[in-house]
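Enquirer: Got a sequence here, can you model it:
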Amino acid sequence: MRRIVSKVVLVSGATGFLGAWVCKKLQEKGYRVRGTVRSLKNTDKVNFLYNLCTDPKYPVELVEADLLDVESWPRAVKDCKYVMHTASPFFVTKPKSEDELIKPAVEGTLNVLRAVADSGTVKKVVVTSSFAAVIGKNCSSPARISNMYENTHFLAVL
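Expert: Residues are numbered from 1 along each chain as shown. Model prediction:
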């Protein structure tokens, strides 16, 4: 397996489903991974990530950063070459208002991108989106939430 020369990749939302697997794959490729979490005190999420990403040669570094805390992002992106922004609010039930979902997603992404622009070290950024961008209450898409395996294939080719 090809190993990368110790370039640091920031993965926002590292303890989320997508973020955790991105961390694992990056670690397997030899990248140094710095992941953001809302709280290092959430031991269930932190331990899940550490148990998933077990390569002692390339340990995952975790830092606290909140999407809406503009001050937390410059510290998170410091000395990173790449940023993979996977953090986004996620609700199992309907949010009480758009501000619970939209504001953190939009403002949080802008906070990350502003820190990237000011960093002087980040060369590339990947911003993931939410399934809400393509599936919604009035969506005419043939994808159905009841059949997620087929939906992921369908959405992958959109």
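Enquirer: what about the helices in the protein?
Expert: Ranges of helices within the chain are 17-28, 43-52, 72-77, 98-119, 148-156, based on DSSP state H.
Enquirer: How far does the second one sit from its chain's centre?
Expert: This points to helix 43-52. 15 Å (CA atoms, centre = their mean, to the nearest Å).
Enquirer: if we can go back for a sec, can you say which of the helices of the chain is packed in most?
Expert: helix 72-77 (a mean of 20; mean count of other CB atoms under 10 Å). The C-beta positions use only the backbone N, C-alpha and C, and glycine is treated the same way.
Enquirer: on that earlier part again, what about the helices of the chain, which gets the closest to residue 128?
Expert: helix 17-28 (6.3 Å; CB to CB).
Enquirer: That closest one versus helix 43-52: what angle between them?
Expert: Relative orientation of helix 17-28 versus helix 43-52 (axes from the mean of the first three to the mean of the last three CA atoms, to 10 degrees): 30 degrees.
Enquirer: Against which helices or strands is helix 17-28 packed?
Expert: Secondary-structure packing of helix 17-28 (3 or more CB pairs under 8 Å, 6 or more residues apart in numbering; DSSP states H and E): strand 8-12, strand 32-37, helix 43-52, strand 82-85.
Enquirer: gap between the two ends of stretch 55-70?
Expert: Length of stretch 55-70, first residue to last, CA to CA, to the nearest Å: 31 Å.
Enquirer: Buried residues in it, which are they?
Expert: 58, 60, 62-63, 65-67 (16 or more other CB atoms under 10 Å).
Enquirer: rewinding a little: now the helices and strands packed on helix 17-28 in CSV, with distance to residue 75 and mean pLDDT?
Expert: Converted to CSV, the helices and strands packed on helix 17-28 look like this (distance: least, CB to CB, whole Å; pLDDT from 0 to 100):
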stretch, distance to residue 75, mean pLDDT
strand 8-12, 10, 97
strand 32-37, 10, 97
helix 43-52, 18, 96
strand 82-85, 13, 97
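Enquirer: Tabulate these in CSV, adding columns for distance to residue 106.
Expert: Listed next are the helices and strands packed on helix 17-28 as CSV, based on distance: least, CB to CB, whole Å:
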stretch, distance to residue 106
strand 8-12, 14
strand 32-37, 17
helix 43-52, 24
strand 82-85, 12
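Enquirer: Would you tell me which of those gets closest to residue 109?
Expert: strand 82-85 (6.4 Å).
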